[in-house]
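Novice: return a 3D structure for these sequence lines:
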Amino acid sequence: VVLTTGGGLYRYLTGDLVEVTGHLDRAPRLRFVGRTGRSVDLVGEKLSEPQVIKALAGTRGFLVPRTKPTGYLLCVEDTGTQIEGESDALTARTEVALSANPYYAQACRLGQLSPLTLYHLPDGFTANLGRKWAARQGLRDSEVKLPALFQPGEVDDLLPDR
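Specialist: Have a look, this model is predicted:
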């Protein structure tokens, strides 16, 4: 997405990835897909944020890479409404969706990546993380949207003890 002034003299590359979902008259209707440049490659799996957003499919959560053991934490905010077995189903569904990436699937098959580890965050944690993330990035709270995929070590100190 590129924004420009009315006169076209200034352009700003937002880094947003969008998908055209239809049209309203002649104007395209857009859906936010992710941000460019946000990817992780621990062992050759090449995960990108749009892949993670699709895999999470509306879940209030995000992935955090880890190096010991090598793999990913699936961080999901605990709203207190989960039912028995739902966590296992979420983890399995996310793992299957991420495995649509052949490099991720191969790294898992070869044992280079450990299976996803589900990590429940306390209710309200993502809002608090958003504030800390904004401060760390030098942004106002209203200017930040938490990524679905963090970089290795990027938020380890902001997560509750595991």
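Novice: where in this protein is pLDDT low?
Specialist: By pLDDT under 70, the low-scoring segments of the chain are 33-35, 79-85, 141, 143, 162.
Novice: now the helices for the protein?
Specialist: 49-56, 86-98, 102-109, 125-137 (DSSP state H).
Novice: could these go into CSV alongside distance to Asp41 and mean neighbour count?
Specialist: (Each C-beta comes from the backbone N, C-alpha and C, glycine too.) Listed next are these as CSV, based on distance: least, C-beta to C-beta, whole Å; neighbours: other C-beta atoms under 10 Å:
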stretch, distance to Asp41, mean neighbour count
helix 49-56, 12, 21
helix 86-98, 14, 15
helix 102-109, 8, 16
helix 125-137, 22, 15
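Novice: those helices: which one's closest to Val40?
Specialist: helix 49-56 (8.9 Å; C-beta to C-beta).
Novice: now that closest one: how far from the chain's centre is it?
Specialist: 6 Å (C-alpha atoms, centre = their mean, to the nearest Å).
Novice: got it, and stretch 127-135?
Specialist: The answer for stretch 127-135 is 15 Å, by C-alpha atoms, centre = their mean.
Novice: start the count at 178, not 1, going forward
Specialist: Yep, numbering from 178; the last one is stretch 304-312 now.
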